[in-house]
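Engineer: okay, predicted coordinates and the sequence, questions at the end:
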2 protein chains.
Amino acid sequence: MTKRDYIIRQIAKTNKKNYENYVVTRIYHMLNRTDIKFVTQQYVNRPEGHALTDMYFPQIQLHIEIDEPFHNKQVDLDIDRETDIIQATDHHISRIEITEDLDSINNQIANLILEITAKIEILEKKKEWESWDLDKEFNPNYYREKGYLDVEERPAFRKIVDACNCLGQNYISVQQAWFKSKVYPNHNLWFPKFYENEEWDNQISKDGKVITEKCKNPDKYEEWFKAVTSNLVKRITFPRSIDNLGFRLYRFAGIFETDLNSSSLENGVIHRLKETRIEIEKENAR
Amino acid sequence: MTKRDYIIRQIAKTNKKNYENYVVTRIYHMLNRTDIKFVTQQYVNRPEGHALTDMYFPQIQLHIEIDEPFHNKQVDLDIDRETDIIQATDHHISRIEITEDLDSINNQIANLILEITAKIEILEKKKEWESWDLDKEFNPNYYREKGYLDVEERPAFRKIVDACNCLGQNYISVQQAWFKSKVYPNHNLWFPKFYENEEWDNQISKDGKVITEKCKNPDKYEEWFKAVTSNLVKRITFPRSIDNLGFRLYRFAGIFETDLNSSSLENGVIHRLKETRIEIEKENAR
């Protein structure tokens, strides 16, 4: 995908919502820079539950919400569990209010542009601004160079094999979702589905900190439970999801450890988030 | 309707065409002025037939066409005859080519913005620039103040009664489409439908210069033909149409005179465009 196709597709997601389309295109065009990435209709986790923000700038962790009068934006709480949902605890939210007067909307957007530009300048001064580069996104070599994965930066891969090789597995192709790490002692790489499927009913809590794992096959359940709870490994976890353009994604969710006290045959196996960052040793290049 | 609603609706017409939406919003937002009007998907008459331009700036008579590769923009020749179609003989057309590279599209648009701004500056210097004012559009008093209607400026009214009163008829409401002028001797005001309906099959030529009028009732046809061709009047003509947002419109098409040589029972009555401008005497205020 080119930047052109990415931008066009993101804007297209607003195409049935006329005010949203106006505001999103105005913000993007007035910013007038191709080094900034945006996502329209990004699901985020909030203390009060899932929410959907109208425009999200991941490089500056800024969300835009477009408030239309008489337009109640209640988000369907029953969203598809395969949807990519990001943690947005420290993110800032700016609001654009749709008023009767076009000049007022345009002025709000002009102020927002100043705000965004200032945020970028601060990052540039701190040498922390990273230009949007399609070749880096989802690229295992980029993260190997960088030397770590951090949940806060929302790293993600398009394929399981890319995540594996980023962490030193050296595979050509894979067919599974569970791997013993060749690099990190007593760690496994895990690519769970957090939506019910034939074999598993796994869930992650809204804050991304607790995973509940349940095998659905009653004939295998007890045997599986005993194996998992007696053979403890740390889980480098990449939940499988679908991004807002419909593409497959494995986004790093952190390293989880099994909590034996909370786990039971009834509740399933409980894993808790222990580390939000993993270092990558460059010597283990693929 | 407010400017906000007008702009939002015009942009909404591009909302299923992703490249069009990108280009139209970028041009509009980068221009960044609320005194310029635009129309998306405007039908125009060309020597080779009807065409549809993607974005039209009436104040500077400029049309934008967005050329997408592999996207054949053949216009349906069989368009609704009620559609508002403008004469665009002297209008300029600028093209934006959709290329693979976003920067190239953006550069073309940046050049177009310079072109548009230059055109406006020339008009401003000549004191011929007229800021877009929703209160003036379709307003009979505005045209009375101005002192004329000219086809080239595409004046139009929302209601028959407005056009009538602009030309000194002093009506409160009307139910018909044919009026003897109180001001212009031997002139009638005419609001024809150029699409087939129960009583009439009237047509106007693509260049807007020839009207063919036919009564559809066979019992009345000969009597009507004799009356029309023996009692000649000049016709101040406002064809009924629907604009691109779906609103009723009566756009001044000029003053027509009957051509007896071309008229026949077989062909119908032929009227030819004689004047593209009519002066309004201010003394005859409503």
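Structural biologist: Yep, it's here.
Engineer: going by C-alpha atoms from here, please, whenever you check contacts or count neighbours.
Structural biologist: Noted.
Engineer: for chain A, which segments are assigned as helices?
Structural biologist: A:3-12, A:18-31, A:102-125, A:140-146, A:160-166, A:221-230 (DSSP state H).
Engineer: and the second one, anywhere near chain B?
Structural biologist: Yes - applying Cα under 8 Å from any Cα of the partner chain, one finds helix A:18-31 in contact with chain B at A:18, A:19, A:22, A:25, A:26, A:29, A:30.
Engineer: residue A:113: neighbour count?
Structural biologist: 18 (other Cα atoms under 10 Å in any protein chain shown).
Engineer: also the one 10 residues further on?
Structural biologist: With neighbours defined by other Cα under 10 Å, the count for residue A:123 comes to 15.
Engineer: one more: residue A:152?
Structural biologist: When neighbours are counted by other Cα under 10 Å, residue A:152 registers 17.
Engineer: could you identify which of the helices of chain A is most buried?
Structural biologist: With neighbours taken as mean count of other Cα atoms under 10 Å in any protein chain shown, the helices of chain A reach their highest mean count in helix A:160-166, at a mean of 23.
Engineer: near chain B, which residues of chain A?
Structural biologist: So chain A meets chain B at A:2-4, A:8-9, A:11-12, A:15-16, A:18-19, A:22, A:25-26, A:29-30, A:100-102 (Cα under 8 Å from any Cα).
Engineer: rerun that using 7 Å as the cut-off
Structural biologist: Residues of chain A lying near chain B by Cα under 7 Å from any Cα of the partner chain: A:3-4, A:8, A:12, A:15-16, A:18-19, A:22, A:25-26, A:29-30, A:101-102.
Engineer: what values do phi and psi take at the residue of the stretch 151-286 of chain A found nearest chain B?
Structural biologist: Residue nearest to chain B within the stretch 151-286 of chain A: residue A:245 (14.3 Å; Cα to the nearest Cα). With angles defined as degrees, to the nearest 10, residue A:245 sits at phi -100, psi 0.
Engineer: and it, what does it touch?
Structural biologist: Residue A:245 makes no contacts at all, as judged by Cα atoms under 7 Å, 6 or more residues apart in numbering or on different chains.
Engineer: with residue A:87 instead?
Structural biologist: Contacts for residue A:87 were tallied using Cα under 7 Å, 6+ apart; they are A:44, A:45, A:207.
Engineer: number of residues surrounding residue A:175?
Structural biologist: Quick note: residue A:175 (other Cα under 10 Å) scores 7 neighbours.
Engineer: and it, what pLDDT?
Structural biologist: At residue A:175, the model reports a pLDDT of 88.
Engineer: ok, residue A:196 next?
Structural biologist: Looking at residue A:196, its pLDDT reads 80.
Engineer: next one: it from residue A:251, what distance?
Structural biologist: Noted for residue A:196: a distance of 18 Å to residue A:251, by Cα to Cα, to the nearest Å.
Engineer: how about the residue most central in space within chain A: what's its closest non-neighbour residue?
Structural biologist: With distances taken as Cα atoms, centre = their mean, residue A:86 lies nearest the centre of chain A, 4.3 Å away. With Cα to Cα, 6 or more residues apart in numbering or on different chains as the measure, residue A:44 is the residue that lies nearest to residue A:86, at 4.8 Å, once sequence neighbours are left out.
Engineer: which residues does the one you found bridge with?
Structural biologist: residue A:51, residue A:86 (DSSP bridges).
Engineer: that one touches residue A:54, doesn't it?
Structural biologist: No - the criterion here is Cα atoms under 7 Å, and residue A:44 misses it with residue A:54 at 10.8 Å.
Engineer: returning to that earlier point: least confident of the residues of helix A:18-31 next to chain B?
Structural biologist: Within the set of the residues of helix A:18-31 next to chain B, pLDDT is lowest for residue A:18 (87).
Engineer: list the contacts of residue A:103.
Structural biologist: Per Cα under 7 Å, 6+ apart, neighbours of residue A:103: none.
Engineer: ok, residue A:196 and residue A:251, which is more surrounded?
Structural biologist: Applying other Cα under 10 Å to residue A:196 and residue A:251 shows that residue A:251 carries more neighbours, namely 25 against 14.
Engineer: and the gap between the residue nearest to the centre of chain A and chain B?
Structural biologist: Distance of residue A:86 to chain B, computed by Cα to the nearest Cα, to the nearest Å: 27 Å.
Engineer: before we move on, the earlier item: redo the residues of helix A:18-31 next to chain B as CSV? Include distance to residue A:106.
Structural biologist: Listed next are those as CSV, based on distance: Cα to Cα, whole Å:
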residue, distance to residue A:106
A:18, 15
A:19, 12
A:22, 10
A:25, 12
A:26, 8
A:29, 12
A:30, 10
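Engineer: let me know the closest of the residues you listed to residue A:273.
Structural biologist: residue A:25 (38.2 Å; Cα to Cα).
Engineer: that closest one reaches residue B:23, doesn't it?
Structural biologist: No - if you go by Cα under 7 Å, residue A:25 and residue B:23 don't touch, sitting 9.8 Å apart.
Engineer: please identify every residue contacting each of these two.
Structural biologist: Counting by Cα under 7 Å, 6+ apart, nothing touches both residue A:25 and residue B:23.
Engineer: list the residues that contact the closest residue to chain B within the stretch 51-200 of chain A.
Structural biologist: Proximity of the stretch 51-200 of chain A to chain B (Cα to the nearest Cα) peaks at residue A:102, 5.0 Å away. When contacts are counted by Cα under 7 Å, 6+ apart, residue A:102 touches B:3, B:4.
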